[in-house]
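A.B. asks: let me see the structure of the following:
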Amino acid sequence: MSKIKPYKDSDLGKKEQVTKMFDTISEDYDGLNRVISFGIDVSWRKKVVAMVSEAKPKTILDIATGTGDLAINLAKTNAEKIVGLDISSGMLDIGKTKIKKRGLENTIEMVLGDSENMPFEDNSFDAITVAFGVRNFETLEKGLKEIHRVLKPQGTFVILETSMPTKTPYKQGYNFYTKNILPLIGKIFSKDRSAYKYLCESASVFPFGEALNNILRETGFINVKDFPQTFGVATIYKSSK
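C.D. replies: Purely as a prediction, here's the structure:
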């Protein structure tokens, strides 16, 4: 995997830098997501919810839950318990406010924790989701093994992550947008200009499609399938244990 430049020039490790970054941009995050994706990310999350719903899970873990967008949508699965895990307290604080406004406190619990060292027992969850979070793992394989550990046998694991279009002209358009337009949007609307530069760079070098499928298989997941979204700018990966 190509080396991603640090979020900022710092002696901190990637995990600490990512935590600091999301704490800083937490108040802007939801609005910027809608602007950056032209609102299409909402439909991607609905597809994730539909895939998870097929398994009729009683317990769901949403890793890198951020401000809780996906966790809140997952309440539509009628799961008895949903846990949202994130390393950023700033993002979780925003999420807790959103959950309270929707009256979902009894269904969704927000937990501060590290996705690579989770405070859960083996085989704890019927379904696990990660939306735009796996590329921020300090060690991808370690994070995936930890997910495999806490997922129940026959459980469902769904990832939603950015990917790179491979066909013309979508590939060229995507490259122009991520290198020129996206950093400009972050510069104008966000408190932290370097955060969106990091997010662009991390997306450009992260494995996608069959490359990520193979990593999932090597980690122990089975029935691995990928579903490219919107010309390939994002991909949904579904697998099981």
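A.B. asks: got a pLDDT number for residue 36?
C.D. replies: In this model, residue 36 is scored at 70, pLDDT.
A.B. asks: check contacts around it.
C.D. replies: Residue 36 makes contact with 182, 185, according to C-beta atoms under 8 Å, 6 or more residues apart in numbering. The way it works is simple: take the backbone N, C-alpha and C, and place the C-beta from them, glycine included.
A.B. asks: what's the distance between it and residue 202?
C.D. replies: Using C-beta to C-beta, to the nearest Å, one obtains 14 Å as the distance from residue 36 to residue 202.
A.B. asks: for residue 158, pull up the helix or strand it's in.
C.D. replies: strand 151-162 (DSSP states H and E).
A.B. asks: same thing with residue 61?
C.D. replies: strand 59-63.
A.B. asks: contacts made by the following helix or strand past that strand with the rest, please.
C.D. replies: Scanning forward in sequence from strand 59-63 by DSSP H and E, the next helix or strand is helix 69-74. Contacts with helix 69-74, where a contact means C-beta under 8 Å, 6+ apart, come from 30, 33, 45-46, 48-49, 52, 60, 62, 65, 82, 84, 95, 98-99, 102, 104, 108, 110, 129, 131, 160.
A.B. asks: tell me the average confidence for helix 69-74?
C.D. replies: pLDDT averaged over helix 69-74 gives 97.
A.B. asks: neighbouring strands for the helix or strand following it, and are they parallel or not?
C.D. replies: Once helix 69-74 ends, the next helix or strand along the chain (criterion: DSSP H and E) is strand 81-86. Strand 81-86 sits in its sheet next to strand 59-63 (parallel), strand 108-112 (parallel), going by DSSP bridges.
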